[in-house]
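Engineer: Have a look at this prediction, sequence included:
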Amino acid sequence: MDISTSLDNLNLGLSSVLGDLPLWDISLELSCLGNSLIELFDKKPLMPGVVLTDNQNYVGMISRRQFFEFMSRPYSLGLFKERTIANLYDYLQSDVLVMDTNKTIVEATQQALSRNSQFVYEPIVVAQERQHKLLDIQQLLLAHSKIHAQTLAQLETAQKQSQQAQISLQQVELIQTEKSLALEELISSLQREVNSPAKLVVGNLVHTGRYIQELIKMVNLYQKYYPQPVEEIKIATEKMKISSIDTELPRLLDVMKNHVKKIQEFAVSLSESKR
């Protein structure tokens, strides 16, 4: 990524890599004179260092801090400015940290800060195939700080969402409990409405059965001792089909008992459904 890109415009996250950050793509051949470094650093005051190459092959890196610390020593400027950079680089013996462009920013920060205190703020060489660019350590730390802040914000959002989901779940459970209580109350009410009349009907059917048996017995006695009734009774008896009463009435009574029994069984099933 071009160095002109601001970190504020980058959408960084835990999976972001070094290649997502602004990198310096500037290199010099070892055969160049020390003056070339001085001119380049003067021209680009924000440049953290320069990648060094030999016939366009990566060799190493000289940082701005190292270069000016060395050049501030007595006679160093006069000694090396007219000599090749190779002489200066051999003298400095710089410890360069090289990382792959696909290394995550979080991992790179941990590795960079674990360096010797003398080199902890040195720029990092980011390698991608045959290309080598420089990453300012300040840019890396700022990017890591941004990722850390974003991660905390995401965790806070996730925590709030979790709390909201928990509240919603509690509300759903409360509504479900209220519905269950209402259903139980409805079932209890239905049981009372069904059981009370059913018990009354069962009791009355017992008495009705006894009355019917006594009535049939009385009719049979009349037929036995008065086989030749008056014409009016005879006509009424034929219309009523009284001869079938002794079989139809008990059968009808049994049907009614069976239906009442089914009603009572339904009430029992309602009670079991509450459990």
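Structural biologist: Cool, got the structure.
Engineer: quick one: the strands in the stretch 101-250 of the chain?
Structural biologist: In the stretch 101-250 of the chain, the segments counted as strands under DSSP state E, counting those that start in this stretch are 124-128, 131-135.
Engineer: could you give the angle of the last one to strand 124-128?
Structural biologist: Angle of strand 131-135 versus strand 124-128, following axes from the mean of the first three to the mean of the last three Cα atoms, to 10 degrees, is 150 degrees.
Engineer: what about the helices in the stretch 151-275 of the chain?
Structural biologist: Ranges of helices within the stretch 151-275 of the chain are 231-240, 245-273, based on DSSP state H, counting those that start in this stretch.
Engineer: What residues of the shortest one count as buried?
Structural biologist: Think helix 231-240. The neighbour-count check on helix 231-240 (16 or more other Cβ atoms under 10 Å) flags Thr237 as buried. Yep, even glycine has a C-beta here, placed from its N, CA and C like the rest.
Engineer: check contacts around Gly19.
Structural biologist: Counting by Cβ atoms under 8 Å, 6 or more residues apart in numbering, Gly19 makes contact with 1, 101-102, 126, 128.
Engineer: farthest-separated two in the residues you listed?
Structural biologist: For those, the maximum inter-member distance is 13.4 Å, found between Met1 and Asn102 (Cβ to Cβ).
Engineer: How is this protein divided into domains?
Structural biologist: 7-135, 179-273 (automatic domain parsing).
Engineer: Can you tell me which of these has the worst average pLDDT?
Structural biologist: Sorting the domains of the chain by mean pLDDT places domain 179-273 lowest, at a mean of 76.
Engineer: sorry, back to before: out of the contacts of Gly19, who's the most crowded?
Structural biologist: Val126 (27 neighbours; other Cβ atoms under 10 Å).
Engineer: Tell me who's in contact with that one.
Structural biologist: Listed by Cβ under 8 Å, 6+ apart, the contact partners of Val126 are 18-19, 23, 98-101, 132-135.
Engineer: Next: Asp136.
Structural biologist: Per Cβ under 8 Å, 6+ apart, neighbours of Asp136: 24, 46, 48, 123.
Engineer: what's the most distant pair in those?
Structural biologist: So, the contacts of Asp136 by Cβ to Cβ: farthest apart are Leu46 and Pro123, at 11.4 Å.
Engineer: Looking only at neighbour counts, state which of the two leads.
Structural biologist: Taking neighbours as other Cβ under 10 Å, Leu46 and Pro123 compare with Pro123 leading, 29 against 9.
Engineer: my guess is that one meets Ile62, correct?
Structural biologist: No - Pro123 lies out of contact with Ile62 (Cβ atoms under 8 Å); the separation is 9.8 Å.
Engineer: who touches both of these two?
Structural biologist: By Cβ under 8 Å, 6+ apart, Pro123 and Ile62 have these common neighbours: Gly49.
Engineer: hang on, the earlier thing: with distance to Glu156 added, can I get the domains of the chain in TSV?
Structural biologist: Compiled in TSV, these are given as follows (distance: least, Cβ to Cβ, whole Å):
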stretch	distance to Glu156
domain 7-135	15
domain 179-273	35
